[in-house]
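**Q** need a 3D model of the sequence below.
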Amino acid sequence: MPPAGYGFPPPAAPLPPEAHPGAALQPLPPHGGYGFPPPGQQPQAQPQPGGPAGDSSADPRTGGWPTVTPDQRQRSVQGAPLGYTAAVELSSDRLLKNQPKPKRPGANATPSRFKIGGKKEEAERLRKLELIRTPVLSCYRIAVISLKGGVGKTTTTTALGSTLATERQDKILAIDANPDAGTLGRRVRRETGATIRDLVQAIPYLNSYMDIRRFTSQASSGLEIIANDVDPAVSTAFNDEDYRRVLDVLGKQYPIILTDSGTGLLYSAMRGVLDLADQLIIVSTPSVDGASSASTTLDWLSAHGYAELVQRSITVISGVRETGKMIKVDDIVAHFQTRCRGVMVVPFDEHLAAGAEVDLDMMRPKTREAYFNLSAMVAEDFIRAQQAQGLWTADGNPPPHLAPPVPGRQQAPQPGYHGHAPQGPGQAQPQAPQPPQQYQPQAPQPYQPQPQQGWPQQPQQAPPEQPPGYGYPPPPPPQPQQ
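**A** Residues are numbered from 1 along each chain as shown. Have a look, this model is predicted:
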């Protein structure tokens with residue numbers, strides 16, 4: 001007797017009694033599970049958009065892959081959504097041996113970022129911290145890309161976003177735009193099951209930050225993430241138009257947004273990622289194929305109209321082992337320094353290599369210092385991006401007295417002080433237009449003011465009789481006649 005249970009198909013239903021041995025074999029009823037319609041429903045009842053009804057030979061290379069929406073997905077386990085088993089049985093709490101210890105009260109008051117050597121190192125760290133905390137008056141978008149998978153894009157996105165959120169104490173958001181069921185949602189403790197597709201469908205109803213907060217999960221560092229769907233057939237449907245709509249809505253609430261892109265450069269949402277990016281981060285590994293793929297990525301971007309974005313990009317060489325002797329990391333760094341604005345080497349960290357929830361306190365001091373320096377390197381471009389939008393002055397300082405311009409509304413020119421243009425000698429100063437003043441009825445005063453010295457005293461006149469009512473003092477009682 002074949003075994004039964006999860007992972008095995010249910011036993012086939014018995015043949016009807018009228019079926020005789022000489023008749024043609026009937027197809028077995030469809031199995032219950034992901035990819036199959038529920039029992040009692042015939043496959044012919046749902047024609048697939050990628051091909052004719054009942055055609056099981058749909059080839060994804062010819063565009064025949066069926067389009068699956070979240071409402072059409074089937075349950076992989078009885079009563080559980082797709083990916084629920086992996087989220088429960090393969091969670092960080094069950095697989096990690098060394099769990100982070102709970103922080104004692106007051107531990108955050110003394111930062112243990114990394115050891116400071118002397119006054120010079122402390123001054124340099126304060127300079128970088130001031131760069132990281134540069135005010136961002138608009139939305140600064142960071143795209144993390146790579147042509148090769150498994151190089152650490154998601155790790156770099158989460159660690160960089162967590163560092164920015166910790167040092168800036170600001171709202172930082174990371175988006176999972178990987179079309180192949182990205183794993184950004186597994187790097188923080190999930191607070192909601194909502195995905196980027198749910199956010200796209202709710203765009204007409206998102207009017208405030210709290211409306212968006214229902215779709216995000218927040219890490220202990222303050223970083224918020226929007227996860228992608230675990231079903232590749234659904235995550236692929238997140239296209240270029242959806243990404244632009246999402247960035248337009250989120251950019252009004254978050255000053256810094258990081259995008260964890262997918263592997264490759266030709267999927268639909270990648271065009272919007274590159275067009276809207278202010279900063280590009282290319283992730284590579286300290287290997288021959290990893291460095292070659294990263295350099296090829298820069299060549300492809302330069303040849304397709306993104307040469308300026310490549311020149312101000314940053315290359316991150318992730319997972320460099322200090323004891324490695326096979327690869328000349330210095331030569332890889334020298335190569336990318338000639339092509340990018342900067343190169344950052346991130347040492348190998350066992351906590352990050354575990355692929356679990358990222359905790360800055362669990363990193364090695366050198367690894368955390370590397371991401372701190374990467375954050376400062378990214379922040380060096382904040383002023384340039386805001387000057388390009390007219391939000392900063394030419395000398396690199398924010399306008400101290402002017403509010404940032406509102407998109408779609410013309411800003412009134414203010415060349416001089418108090419709203420007046422500077423006038424030359426002999427020119428009359430124009431009077432500022434006064435708003436029309438409306439008559440304000442004065443409430444009757446119950447007493448007469450005392451006359452001031454130096455002014456002629458007016459003869460005292462009896463006040464006119466006032467009608468009694470609310471707001472008026474009651475009339476004095478009549479004096480008894482002597």
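
**Q** residue contacts, Ala376?
**A** By C-beta atoms under 8 Å, 6 or more residues apart in numbering, the residues touching Ala376 are 128-129, 131-132. Bear in mind the C-beta positions are built from the backbone N, C-alpha and C, glycine included.

**Q** and it, that's in a helix?
**A** Yes - according to DSSP: H, G, I helix; E, B strand; the rest coil, Ala376 belongs to a helix.

**Q** for it, which non-adjacent residue is closest in space?
**A** Sequence neighbours aside, Lys128 is the residue nearest to Ala376 in space, at 3.6 Å (criterion: C-beta to C-beta, 6 or more residues apart in numbering).

**Q** surely the one you found meets Glu369?
**A** No - applying C-beta atoms under 8 Å, one finds Lys128 not in contact with Glu369, separated by 10.3 Å.

**Q** now do the SS call for the residue nearest to Ala376.
**A** Classification of Lys128 by three-state DSSP places it in helix.

**Q** can you pull the pLDDT of it?
**A** pLDDT recorded at Lys128 is 95.

**Q** what helix or strand is Leu131 on?
**A** For Leu131, the enclosing helix or strand under DSSP states H and E is helix 119-132.

**Q** just to revisit the earlier point, highest neighbour count among the contacts of Ala376?
**A** Neighbour counts for the contacts of Ala376 (other C-beta atoms under 10 Å) peak at Ile132, which has 21 neighbours.

**Q** now do the contacts for that residue.
**A** Residues counted as contacts of Ile132 (C-beta under 8 Å, 6+ apart) are 164, 167-168, 375-376, 379.

**Q** now Leu247: how far from Phe215?
**A** Here the criterion is C-beta to C-beta, to the nearest Å. By it, Leu247 lies 14 Å from Phe215.

**Q** hang on, the earlier thing: ok, the residue nearest to Ala376 to Glu122 distance?
**A** On the measure of C-beta to C-beta, Lys128 and Glu122 end up 11 Å apart.

**Q** ok, now Pro135?
**A** According to C-beta to C-beta, Pro135 and Glu122 sit 23 Å apart.

**Q** what's the mean pLDDT across stretch 135-146?
**A** pLDDT averaged over stretch 135-146 gives 93.

**Q** got the end-to-end distance for it?
**A** Criterion C-alpha to C-alpha, to the nearest Å; first-to-last residue distance in stretch 135-146 is 29 Å.

**Q** same thing with stretch 168-188?
**A** 19 Å.

**Q** what comes up buried for that stretch?
**A** Across stretch 168-188, burial judged by 16 or more other C-beta atoms under 10 Å covers 168, 170-179, 181-188.

**Q** also stretch 137-156?
**A** Buried, per 16+ other C-beta under 10 Å, within stretch 137-156: 137-148, 151-156.

**Q** what's the answer for stretch 361-377, then?
**A** Using 16+ other C-beta under 10 Å as the test for burial, stretch 361-377 gives 362-363, 367-377.

**Q** just stretch 189-206 next, same as before
**A** In stretch 189-206, counting by 16+ other C-beta under 10 Å, buried: 194-200, 206.

**Q** now do it: distance from first to last residue.
**A** 24 Å.

**Q** what does stretch 281-290 give?
**A** Chord length of stretch 281-290, first to last residue, is 14 Å (C-alpha to C-alpha).

**Q** what about Val144, which SS state?
**A** Three-state assignment for Val144 (three-state DSSP): strand.

**Q** surely it touches Ile257?
**A** No - with contacts defined as C-beta under 8 Å, Val144 does not count as touching Ile257, sitting 11.4 Å away.

**Q** got any residues that touch both of those two?
**A** Residues touching both Val144 and Ile257 (C-beta under 8 Å, 6+ apart): none.

**Q** which residues touch Lys252?
**A** Listed by C-beta under 8 Å, 6+ apart, the contact partners of Lys252 are Cys139.

**Q** quick check: which element contains it?
**A** Of the helices and strands defined by DSSP H and E, none includes Lys252.

**Q** quick check: buried residues in the helix holding Leu131?
**A** 125, 128-129, 131-132.

**Q** including distance to Val333, could these go into CSV?
**A** Shown next, in CSV, are the buried residues of helix 119-132 (distance: C-beta to C-beta, whole Å):
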residue, distance to Val333
Arg125, 22
Lys128, 19
Leu129, 24
Leu131, 22
Ile132, 23
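
**Q** contacting residues around whichever strand or helix holds Asp248?
**A** Here Asp248 sits within helix 240-250, counting by DSSP H and E. Contacts of helix 240-250 with the rest of the structure, by C-beta under 8 Å, 6+ apart, involve 139, 141, 173, 175, 177, 196, 199-200, 203, 206, 212, 257, 268-273, 276.
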